[in-house]
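Novice: Okay, predicted coordinates and the sequence, questions at the end:
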Amino acid sequence: MRRPVILALSLVLVASGAAGAGVAAAGASTAAPAAKPKATVSIVSSSKCKPVSTFCYKPAKLKVARGTKVTFVNKTLTTHTITRCSTASCAGHDGGTGTDTEFGSGSVPANGKYSFVFNGKGTYVYFCAIHGYGAMHGQVTVNLN
């Protein structure tokens, strides 16, 4: 009677050891979780801007799916911001219909980065508070897909 019990315990120990070692049980998924979507907006200068401008966001208009991490990369030698518009700060343009209220960078130094994950559907109109809406502005549109 002892032999079947010892055999059963041995099998349990071997099975738990295999699971602890990362061996998947039959039928278990070993696929890595799906990567979260990412996008980049570059802050560039002069001839890289169309029409030519001192500075601009490139692309100026970006469409992304909900949950996308957008990284703004300052490729200039000057400090900039990514600031959501208000009608007072953006020559009558509002900040858009998007519901994420935390969007906005503060100062982004030369060669610096700012990232934000967009979850709220709608548009986000932004500008550089240092250089003004007329000099540089952009928009992110977030879809639910």
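Specialist: Arrived safely.

Novice: just the strands in this structure please.
Specialist: Along the chain, counting by DSSP state E, strands occupy 38-46, 53-58, 61-65, 68-74, 80-81, 83-84, 107-108, 113-118, 122-127, 137-143.

Novice: and the angle from the longest one to strand 137-143?
Specialist: Counting by axes from the mean of the first three to the mean of the last three Cα atoms, to 10 degrees, strand 38-46 lies at 170 degrees to strand 137-143.

Novice: The chain should start at 49 in everything you say after this.
Specialist: That works, and once the first residue is 49, the last one we named lands at strand 86-94.

Novice: which residues sit against strand 86-94?
Specialist: Strand 86-94 has contacts (Cβ atoms under 8 Å, 6 or more residues apart in numbering) with 100-107, 110, 112, 116-124, 126, 128, 156, 176, 184, 186, 188. No exception for glycine: its C-beta is placed from N, CA and C like everyone else's.

Novice: Centre of the chain to that strand, how far?
Specialist: Distance of strand 86-94 from its chain centroid, counting by Cα atoms, centre = their mean, to the nearest Å, is 13 Å.

Novice: which ones are touching Val100?
Specialist: By Cβ under 8 Å, 6+ apart, Val100 lies in contact with Ser94.

Novice: Now do the phi/psi pair for it.
Specialist: Backbone torsions for Val100, taken as degrees, to the nearest 10, come to phi -60, psi 130.
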